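S.K.: here are the coordinates; sequence isn't available:
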């Protein structure tokens, strides 16, 4: 018997089915979808993040800043959050779709490019919605793009099921391909169906359009809740076949952890990039101005932008440390539930708002009398971006045996460290916000102190956690000793005599 054995087939990213080698794929004109999915995740994360640009470039007049903060900025931020979440719904549908489609050919690759091209048009339609929130055209074009995305994704489903060798082998061998096709079409098309209604209402009563667009975001969770209520009313039912249940929005069968990480990393990377783009566009002095005002001294001209550079470094540190906390969390996550996916999406939506926080803090030098409102806006964005990370970890602890590595569970060696790491920014931003209520004259100094202190706290965090745990153990050692066993377990613990 020969000592050489045939190599075992490689597993897919999710480890569920074997995929062919490159030679086998090339022989039948197909290829695996990994690279295309990486490209799609990167593009979708960019599109979702650049939606903040029309909001960050909002001009706030000094005389009406308070009103603008409450009306103009609040409206634009709300529209941004809604459209960001709708893009993430499209990304989730794309992820579900390519759980079914295992391989691609030239036709599927071109259809996916058509889908991505339509998605890249969304920021323009969002800009129209921000500039003219009551005008029907912006809402109509946004809905038309979402409908076109759904239509292209439906074409991908129909084409893939026509050629079963492109499907996940588990589906390709199934005797219920029609059931699988209907299920994935339902996932892909229910959002565009609501957008079709929203486009119609935009022509004569636009508030209903915004309500329908918001419904697109919560629809998967409403569907899950309705299924739960229906199951409780009907009583125990026969469980669905595993091959069908695998592609549902079940809480215990979430989106691929790898794709969640890739999409999240893309959002953080684009946010960090947008910060330096603002520096490049706004803080490069004009050559004529340098010659006339600063007598040719570029150093003197750049010195005027010193506060903006400080705001950039502080904002980049915030983005980087939030990514570090996110990376640390997912390092300990084994499987992300659907609730964790929703909380991650909400966190990323506020991370996408950090360029707005940079714009607010970089304006301190230009409009110092408006600094209080700007500090509060920045603190609120940082707080929500970080508190949803903490909520994600808290949710993981509820099902820690399935979702977390043993080291991050209750009593694990990394539990206290993760708790400290994920509460640092929520506590710091909340403390800075509260401090401005009592020390409004020092709001800028308080905010800059937070930006400086938090990175140093991250550097010393593990040491601080160890010191804190040692202090708790020492205090526990100073507690009154328990009564002797012979006095019985029910004997009350009395304080030691003075």
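M.R.: Nice, I can see it. Bear in mind that the values here come from a model prediction, so they are computed numbers and not experimental data. Numbers count the residues shown, from 1 in each chain.

S.K.: Spatially, which residue comes closest to residue 90, not counting chain neighbours?
M.R.: Once flanking residues are discounted, residue 90 sits nearest to residue 149: 5.7 Å by CB to CB, 6 or more residues apart in numbering. Glycine gets a C-beta too; all of them are placed from N, C-alpha and C.

S.K.: count of residues packed around the one you found?
M.R.: Neighbours of residue 149 under the rule other CB atoms under 10 Å: 26.

S.K.: List the contacts of it.
M.R.: By CB atoms under 8 Å, 6 or more residues apart in numbering, the contact set of residue 149 is 90, 115, 118-119, 192.

S.K.: out of those, which one sits closest to residue 288?
M.R.: Nearest to residue 288, judged by CB to CB, of the contacts of residue 149 is residue 119 at 40.9 Å.

S.K.: The closest one contacts residue 145, correct?
M.R.: Yes: applying CB atoms under 8 Å, one finds residue 119 in contact with residue 145, separated by 7.4 Å.

S.K.: Give me the more crowded residue out of the two.
M.R.: residue 119 (24 against 21).

S.K.: now for the one helix or strand the more buried one maps to, which elements pack on it?
M.R.: In the assignment (DSSP states H and E), residue 119 maps to helix 106-120. Under the contact criterion of 3 or more CB pairs under 8 Å, 6 or more residues apart in numbering; DSSP states H and E, helix 106-120 touches helix 34-50, helix 74-100, helix 136-162.

S.K.: Could I get the average pLDDT for the second one?
M.R.: Right, helix 74-100. Here helix 74-100 scores 82 as its mean pLDDT.

S.K.: Partner strands of the next helix or strand after it, with direction?
M.R.: The first helix or strand that comes after helix 74-100 along the chain, using DSSP H and E, is strand 103-104. Sheet partners assigned to strand 103-104 using DSSP bridges are listed as strand 31-32 (antiparallel).

S.K.: What's the mean pLDDT across the partner strand?
M.R.: 76.

S.K.: any idea how far that strand is from the chain center?
M.R.: Distance of strand 31-32 from its chain centroid, counting by CA atoms, centre = their mean, to the nearest Å, is 28 Å.

S.K.: Tell me the spacing between the residue nearest the centre of the chain and residue 412.
M.R.: In the chain, the centroid-proximal residue (CA atoms, centre = their mean) is residue 348; its distance is 2.8 Å. In this view, residue 348 and residue 412 are 26 Å apart by CB to CB, to the nearest Å.

S.K.: Look at residue 434 and give its secondary structure.
M.R.: Of the three states, residue 434 takes helix under DSSP: H, G, I helix; E, B strand; the rest coil.

S.K.: how near is it to residue 379?
M.R.: 9 Å.

S.K.: For those two, indicate the residue with more neighbours.
M.R.: More crowded of residue 434 and residue 379, by other CB under 10 Å: residue 379, with 25 against 12.

S.K.: looking at it, that one is touching residue 431, isn't it?
M.R.: No: when contacts are counted by CB under 8 Å, residue 379 is not listed as touching residue 431 (9.1 Å).

S.K.: Mutual contacts of the two, please.
M.R.: residue 450.

S.K.: contacting residues for the nearest residue to residue 272 once chain neighbours are set aside?
M.R.: Spatially, and ignoring its direct neighbours in sequence, residue 272 is nearest to residue 319 (5.0 Å; CB to CB, 6+ apart). By CB under 8 Å, 6+ apart, the contact set of residue 319 is 268, 271-272, 275, 351, 354.

S.K.: how close does residue 311 sit to residue 275?
M.R.: Distance from residue 311 to residue 275, by CB to CB: 9 Å.

S.K.: Overlap in contacts, those two.
M.R.: residue 358.

S.K.: neighbour count winner among those two?
M.R.: Ranked by neighbour count (other CB under 10 Å), residue 311 and residue 275 place residue 311 first, with 27 against 21.

S.K.: In this model residue 355 seems to touch the more buried one, though I could be wrong.
M.R.: No: if you go by CB under 8 Å, residue 311 and residue 355 don't touch, sitting 11.2 Å apart.

S.K.: who's in contact with residue 406?
M.R.: residue 412 are the contacts of residue 406 under CB under 8 Å, 6+ apart.

S.K.: what do you get for residue 342?
M.R.: Contact analysis of residue 342 by CB under 8 Å, 6+ apart lists residue 221.

S.K.: Which residue is the nearest non-sequential neighbour of the residue nearest to the centre of the chain?
M.R.: Nearest one to residue 348, counting by CB to CB, 6+ apart, is residue 267 at 4.8 Å.

S.K.: neighbours around that neighbour, how many?
M.R.: 26.

S.K.: Repeat that for residue 412.
M.R.: Using other CB under 10 Å, residue 412 has 16 other residues around it.

S.K.: Also the one 4 residues further on?
M.R.: Residue 416: 16 surrounding residues under other CB under 10 Å.

S.K.: what helix or strand does it sit in?
M.R.: helix 415-438.

S.K.: After that helix, which helix or strand is next? Please name it.
M.R.: Sequence-wise, the next helix or strand downstream of helix 415-438 (DSSP H and E) is helix 443-459.
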